[in-house]
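>>> From the sequence below, what's the structure:
(chains A and B)
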Amino acid sequence: MLLGKGLLGIEDLERSEIELILETAQRMTEIGTRDVKKVPTLRGRTLINLFFEPSTRTQTSFEIAGKRLAADVVNFSASSSSLSKKESILDTAKTLDAMDPDCVVIRHKVAGVPKRIADVLNAPVINAGDGAHEHPTQALLDMLTVFQQKDRLDGLTVAIIGDIAHSRVARSNIYGFSKMGAEVRVAGPPTMLPPAIEVLGVKAYTSLREVLDGADVVMALRIQNERLEGACFPSVREYAATFGIDRAKLRYAKDDAIVMHPGPVNRGVELSHDLADHRPSVILDQVRNGVALRMALLYLVVGRPQTLRAQE
Amino acid sequence: MARLLIRGGRVLDPASEMDEITDVLVEDGKIAAVGQGLEARGAEVLDAEGCWVAPGFIDLHTHLREPGQEYKEDLGSGGRAAVAGGFTSIVCMANTAPVNDDPSVTEYILNRARSDSPARVFPIAAATMGLAGEVMTEMAALHEAGAVAFSDDGKTISDAGVMRRVLEYSKLVGVPVVVHAEDCALRADGVVNEGPVSTRLGLPGNPCLAEDILVARDLMLTELTGARLHVAHISSAGAVDLVRRARERGLSVTAEVTPHHLALTDEATLGYDTNTKMAPPLRSASDVAACRKALAEGVIDVIATDHAPHAVHEKEVEFTEAPPGILGFETAYPVVMDMVRADELSPLELMRRMSTNSTRIMDVPGGSLAVGSAGDVVVLDPTRQWTYDPAKGYSKSRNSPWAGQEMTGRVVATVVEGRLVYHCDRGVLIP
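Numbering: from 1, shown residues only, chains lettered A, B, ... in the order given. You can find the predicted model right below:
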């Protein structure tokens, strides 16, 4: 089973593995409601958060998840580029590996780096987001959140809106929801839809009204204004007018549709201020579930007895 | 003077359409005789039974890294890797440090090669000073010094006006201008072929159109100027089609394709191995099919390796940061043999594209086994299996997507100017 070796992407997972992770995560949610939010499951285990790209949210979530399982968590923020530091990313990773961690969580701005590091490391690697490739824990926590709201994933219609081309969240969610039997649609300005998107098994739209029609789940992605404005879309104002979602536009979706966002929200751009804060948005549920989900994953990757993992 | 008798091989000489089992005698640096039952009379004898005997391979596109980047390769190591791959003449690109944009650099390369390289080396000089795409080089002086063509290779001349002048002026010396066709604005930061694979990988795509548009532009400029254009490492179906139509119109255009663009698709990139990062990138299966078809039909004239050594530490970085390119010499023959095994090329036609055709594009010796021709010969075992290990190869670098793979087809011996310079059991023999 892949889990014994870490997790690089949802593309690699079987449906049964996703189900196992989600079930385990659901059980983990209870720990976060206790007065003493800690269990001894990973006591004596060392977890390294190796972040080549700063991400306070994801790193904090992994850190809290590790600590709630009683693991020793070390945060290592590395320079984002081999070239700027004249140090190979593999050197950095091998150096940390020589300190015998039980798991290394990696975030990098370039796709494929966690995979290349995993190829040479002894410790299992969890991908915490690599470039525009995958962000598997985000997709898993999104699936958990939807499951809590809808009691199923099979048969749902999930609409992902925004910069699909540059989004690792979109790719992981496309793989994940599709494997779980949902219909995934994407929409965004044509300049933000990746070429040959159909290879991912989704249908692409350029009309917000059409993509939302019949959607159970509406997921807005973050627009990276500073980098893309002028290049991929003319202006924030035009983006907000065409793909921004407010309560009026949400009426195109099903009456009981929920609204999601991986955060942080550009208020008034991807989502209206009101929608960012109130139901049917479930943004804070996503964040809360992120901790439980990462606890579950850490448990499945490193927490179970070696013998059990070896058998799989 | 050394005499070498290559006995009993299947002699494939595209220059004379010969394909028969016979003997080849090399003497005084030249082909002395071809025929049945030649007598040794004191000559060293090489038993070629079961092997092919052909004019030595010629590579019109290589990077030998000297002067300036000797940690990747130098004229000695590159030359040794070349003869180990069956190449007797190799043409090296101008992106050295300093750039080969001055006759002194051309002469330096030729002098070093004479002492260090067992393969013959022929430099391509820069088309513009410093490969900057602005001021053209002293083509007459560079040609006089030994440059066989002009190219800014990896750096496309993006200014069409400059390219027009370069093509026009090159007629003064009558050698081809070699274009690395890539529209930099369309390529942007693309590092893999744009399409399903780039979408799955989440890496920036480099569309075929970036190549096609530049090829189209330069074909039009060639038509305008009447110059000679050689399209380097063609990789897309669209570019192939443009070249095909230009040749039908009678333009003086030739083209080369690399072994990797004939053998690998962009799917090889799915594991993020930086040894699958090339410029142009590995393309889709339909592009590969178009290149193979065009090579078989003669629309693409030659196979050139684009041998591009890079140090391990340069390749062991993020995919976006890694320099493009791979080693080419020592894997070329077994890789392209796939087209013979697939019945897409006859052995004779493969030899034509590995050797003879190159002599019609640039002024390099070889390509023929006719009596009196250069004594440049390769002996090949088309069925021998071996495992490629770049660490055991002759290049200083190791960047190859075929590392550790089983290969079928092996270079048995290489003869340059009548001297046995490589034998697979004895290694590189001189210098």
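>>> Going by neighbour count, which residues in the one helix or strand in chain B whose mean pLDDT sits lowest are buried?
Ranking every helix and strand in chain B by mean pLDDT, DSSP states H and E puts helix B:312-315 at the bottom, with a mean of 92. Within helix B:312-315, the residues scored as buried using 16 or more other C-beta atoms under 10 Å in any protein chain shown are B:Glu314, B:Lys315. In this view, the C-beta of every residue, glycine as well, is placed from N, C-alpha and C.
>>> Is any residue of it near chain A?
Yes - shown here: helix B:312-315 in contact with chain A (C-beta under 8 Å from any C-beta of the partner chain) through B:His313.
>>> centre of the chain versus that helix, how much separation?
In terms of C-alpha atoms, centre = their mean, to the nearest Å, the centre of helix B:312-315 is set 23 Å apart from its chain centre.
>>> ok, and what's touching that helix?
A:Ser88, B:Lys72, B:Thr274, B:Asn275, B:Ala322, B:Pro323, B:Ser397, B:Arg398, B:Asn399 (C-beta atoms under 8 Å, 6 or more residues apart in numbering or on different chains).
>>> Spell out the secondary structure type for the fourth one.
State at B:Asn275, reduced to three classes by DSSP: H, G, I helix; E, B strand; the rest coil: helix.
>>> Next one, pLDDT for the nearest residue to it once chain neighbours are set aside please.
Of all residues not flanking B:Asn275 in the chain, B:Pro401 sits nearest, at 4.6 Å (C-beta to C-beta, 6 or more residues apart in numbering or on different chains). Note on B:Pro401: pLDDT of 98.
>>> can you check A:Glu53 too?
88.
>>> Convert the C-alpha atoms of the least confident helix or strand of chain B to CSV, please.
C-alpha atoms of helix B:312-315 as CSV (Å, rounded to 0.1, in the frame of the first residue of the first chain):
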residue,chain,number,x,y,z
VAL,B,312,25.5,15.7,-12.0
HIS,B,313,25.1,18.6,-9.6
GLU,B,314,23.6,20.7,-12.4
LYS,B,315,21.0,18.1,-13.2
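>>> all helices for the stretch 201-350 of chain B, in order.
Secondary structure of the stretch 201-350 of chain B (DSSP state H, counting those that start in this stretch): helices at B:208-225, B:237-248, B:259-263, B:285-297, B:312-315, B:329-341, B:347-351.
>>> Which of those comes out lowest on mean pLDDT?
helix B:312-315 (a mean of 92).
>>> burial count for A:Leu140?
26 (other C-beta atoms under 10 Å in any protein chain shown).
>>> in what helix or strand does the closest residue to it other than its chain neighbours lie?
For A:Leu140, ignoring the flanking residues on the chain, the nearest one in space by C-beta to C-beta, 6+ apart is A:Leu293 at 5.2 Å. In this structure, A:Leu293 is located in helix A:283-298 according to DSSP states H and E.
>>> so what does that helix touch, helix or strand wise?
For helix A:283-298, the packing partners by 3 or more C-beta pairs under 8 Å, 6 or more residues apart in numbering or on different chains; DSSP states H and E come out as helix A:15-28, helix A:56-68, helix A:136-150, strand A:258-260.
>>> between that helix and helix A:136-150, how big is the angle?
120 degrees (axes from the mean of the first three to the mean of the last three C-alpha atoms, to 10 degrees).
>>> before we move on, back to that, what's the closest of the helices and strands packed on helix A:283-298 to B:Ala185?
Closest to B:Ala185 of the helices and strands packed on helix A:283-298 is helix A:136-150 (C-beta to C-beta; 33.1 Å).
>>> For the closest residue to B:Met351 other than its chain neighbours, give the beta-bridge partners.
Closest residue to B:Met351 apart from its sequence neighbours, by C-beta to C-beta, 6+ apart: B:Ala54 at 4.3 Å. In this entry, B:Ala54 is beta-bridged to B:Val378, by DSSP bridges.
>>> Surely B:Ala54 and B:Ser368 touch.
No - using C-beta atoms under 8 Å, B:Ala54 is not in contact with B:Ser368; the gap is 10.2 Å.
>>> number of nearby residues for residue 241?
No chain was given, so I picked chain A. That count, for A:Ala241 with other C-beta under 10 Å as the rule, works out to 10.
>>> Switch to chain B, please.
B:Asp241 has 15 nearby residues by other C-beta under 10 Å.
>>> can I assume it is in contact with B:Ala290?
Yes - look at B:Asp241 against B:Ala290 with C-beta under 8 Å: they come within range, at 7.5 Å.
>>> Which helix or strand in chain A has the lowest average pLDDT?
helix A:306-311 (a mean of 50).
>>> do you know how far the residue nearest to B:Met351 is from chain A?
According to C-beta to the nearest C-beta, to the nearest Å, B:Ala54 stands 40 Å off from chain A.
>>> Next to chain A, which bits of the stretch 301-431 of chain B? Give me the list.
B:His313, B:Glu316, B:Val317, B:Glu318, B:Phe319, B:Thr320, B:Glu321.
>>> So which bits of the stretch 51-200 of chain A are right by chain B?
Applying C-beta under 8 Å from any C-beta, we find that the stretch 51-200 of chain A lies next to chain B at A:81-83, A:88-90, A:108, A:110-113, A:115-116, A:130-134, A:168, A:171, A:194-197, A:199-200.
>>> For these, which ChimeraX command selects only the ones that are buried?
Selecting only the buried entries of those in ChimeraX, with 16+ other C-beta under 10 Å as the criterion:
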select /A:81,82,88,89,90,108,110,111,112,113,115,116,130,131,132,133,134,168,171,194,195,196,197,200
